[in-house]
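> need a structure here:
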Amino acid sequence: MLQLRHYSFELPFEYPFTIAKGTKTHQPSLVLSLGLRHWCGYGEAPAIHYYGISVASMIEELNAKRLPIERYALTDPQRFWHFLHHLFPENNFLVAALDMAGWDLFAQMRNAPLRRVLGIQTDVVPQTHYTLGIDTVEKMLEKLKAHPWPLYKIKFSTAADIELLAALRAHTDKPFGIDCNEALTFEEAKLLLPELKKLGVRLIEQPLAKTEWDAMKALKGISDIPLFADESCVREQDVLRCADSFDGINIKLTKCGGITPAMRMISEARQLGLKIMLGNMNESSIGTAAMVHLSPLVDELDADGPLLLKEDIADGLSYEDARITSANRPGMGIRFWGKAAPRNYFNH
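Numbering: from 1, shown residues only. Got it, this is the predicted structure:
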């Protein structure tokens with residue numbers, strides 16, 4: 001039988017993290033482990049308030065269906081995902097954590113890195129962004145100088161944040177992406193496009209509300225800057241709809257339900273000619289490691305979750321020239337400590 005365990009954390013951010021949907025100082029997170037004999041796989045599900053997901057609710061749902069999970073014979077992680085999808089049809093966050101743990105365990109049983117088990121032969125990965133949450137100009141400049149990076153993602157909450165962007169641009173020539181989290185109207189975005197181009201913005205995530213499909217299609221028609229879906233692309237069925245309104249999609253393992261559906265989303269997006277980003281939801285090194293193994297398949301990477309946290313709960317990831325790699329060990333390559341440790345434990 002599988003041995004299922006869970007661990008809960010409140011991981012503090014290095015700086016209060018503000019986006020258009022609010023501010024948080026800690027990231028609540030649920031870590032799951034699946035053990036079999038001497039192997040143990042791990043997965044992670046961060047709790048996100050605006051999706052109505054809490055650590056407590058995930059633990060309650062997990063405990064209610066613990067026995068069928070532990071009795072499952074893990075011979076094929078894709079079949080395991082389908083089992084989990086039917087067991088927890090309304091909770092992709094929990095499915096994602098269990099799916100990660102299943103793949104990690106399966107790859108360890110095969111004595112191979114996860115990317116090889118997934119059929120990914122290259123180790124070439126895109127650079128990851130470093131995200132600057134919304135703050136005063138002074139605090140954002142402090143973050144910028146404390147974290148010199150080859151490319152940045154800047155959070156946007158109103159059209160007036162163009163002034164913050166201009167202030168940052170005066171201190172760096174590095175490329176910017178902006179993430180609006182649905183904060184703008186069509187008219188605001190239309191007026192901002194020329195200014196954003198002048199400021200060297202290379203991509204824009206989710207400028208309009210996720211329901212504004214026609215407006216997004218119109219915006220795409222006039223934008224020289226690639227537009228990426230985030231809130232508009234949660235599950236597999238969203239990919240096709242995004243093709244007319246966006247240039248690319250941001251796939252988040254936690255939202256879509258894990259590695260298994262993400263692989264299918266990547267394949268479909270390629271067929272549709274969409275650019276692909278892998279994005280994070282402030283995961284520790286555990287959830288980030290799953291992204292790292294998929295990252296050779298995508299164009300853009302936003303895997304800075306561990307960099308934004310003051311503490312981590314695992315090792316096995318390293319950053320060099322903004323390219324993130326995992327330790328050359330079977331599975332996802334991470335080692336879970338079972339407790340949080342300060343940032344100076346990070347292998348950066």
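> now residue 79: which helix or strand?
helix 77-87 (DSSP states H and E).
> by contact count, what packs against that helix?
On a contact count with 3 or more Cβ pairs under 8 Å, 6 or more residues apart in numbering; DSSP states H and E, helix 77-87 meets helix 66-70, helix 92-109, helix 259-272. In short, each C-beta sits where N, CA and C put it, glycine included.
> what residues of it count as buried?
77-78, 80-81, 83-85, 87 (16 or more other Cβ atoms under 10 Å).
> so where is the stretch 201-348 of the chain shaky, pLDDT-wise?
Counting by pLDDT under 70, the stretch 201-348 of the chain shows low-confidence ranges at 343-348.
> which parts of it are helices?
Assigned by DSSP state H, counting those that start in this stretch, the stretch 201-348 of the chain shows helices spanning 213-222, 238-242, 253-256, 259-272, 285-294, 305-308.
> I'd like to know which of those is closest to residue 93.
Of all these, helix 253-256 sits nearest to residue 93, with 5.5 Å by Cβ to Cβ.
> tell me how far the closest one lies from the chain's centre.
Centroid separation between helix 253-256 and its chain, computed with Cα atoms, centre = their mean, to the nearest Å, is 8 Å.
> quick one on the thing from earlier: closest to residue 125 out of the buried residues of helix 77-87?
Checking the buried residues of helix 77-87 against residue 125 by Cβ to Cβ gives residue 77 as the nearest, at 21.8 Å.
> now tabulate the helices of the stretch 201-348 of the chain in a markdown table and tack on distance to residue 232 and mean neighbour count.
Formatted as a markdown table, these follow (distance: least, Cβ to Cβ, whole Å; neighbours: other Cβ atoms under 10 Å):
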| stretch | distance to residue 232 | mean neighbour count |
| --- | --- | --- |
| helix 213-222 | 7 | 15 |
| helix 238-242 | 6 | 18 |
| helix 253-256 | 11 | 26 |
| helix 259-272 | 13 | 18 |
| helix 285-294 | 20 | 28 |
| helix 305-308 | 22 | 24 |
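> which one of those helices lies closest to residue 11?
Closest approach to residue 11 among the helices of the stretch 201-348 of the chain (Cβ to Cβ): helix 305-308, 9.4 Å.
> what's next to the helix holding residue 79, contact-wise?
65, 68-69, 72, 74, 95, 98-99, 102-103, 106, 257-261 (Cβ atoms under 8 Å, 6 or more residues apart in numbering).
> what's the angle between it and helix 259-272?
If you take axes from the mean of the first three to the mean of the last three Cα atoms, to 10 degrees, helix 77-87 sits at 100 degrees to helix 259-272.
> quick one: helix 77-87 to chain centroid distance?
Helix 77-87 sits 21 Å away from the centroid of its parent chain (Cα atoms, centre = their mean).
> dump that helix to CSV, restricted to CA.
Extracted C-alpha coordinates of helix 77-87, given in CSV (Å, rounded to 0.1, in the frame of the first residue of the first chain):
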residue,chain,number,x,y,z
PRO,A,77,0.9,8.0,-13.3
GLN,A,78,-1.5,9.1,-16.0
ARG,A,79,-4.1,6.5,-14.9
PHE,A,80,-3.5,7.7,-11.3
TRP,A,81,-4.4,11.2,-12.4
HIS,A,82,-7.7,10.0,-13.9
PHE,A,83,-8.4,8.2,-10.7
LEU,A,84,-7.7,11.4,-8.7
HIS,A,85,-9.6,13.6,-11.1
HIS,A,86,-12.8,11.5,-10.4
LEU,A,87,-12.0,11.2,-6.7
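> the inter-axis angle of that helix versus helix 92-109?
160 degrees.
> continuing past the top strand by length along the chain, what's the next helix or strand?
For the chain, the longest strand by residue count, based on DSSP state E, is strand 3-19. Later in the chain than strand 3-19, the nearest helix or strand by DSSP H and E is strand 22-36.
> partner strands of the following helix or strand past that next one and their direction?
Going down the chain from strand 22-36, the next helix or strand is strand 39-46, by DSSP H and E. Strand 39-46 pairs in its sheet with strand 22-36 (antiparallel), by DSSP bridges.
> in the partner strand, what's buried?
For strand 22-36, by 16+ other Cβ under 10 Å, it's 24, 26-36.
> contacts only, for the residue most central in space within the chain.
The centroid of the chain falls nearest to residue 280 when counting by Cα atoms, centre = their mean (1.6 Å). Applying Cβ under 8 Å, 6+ apart to residue 280 gives the contacts 252, 287-288, 291, 302-305.
> how about residue 298?
Applying Cβ under 8 Å, 6+ apart to residue 298 gives the contacts 126, 251, 266, 276-278.
> I appreciate the help and will end here.
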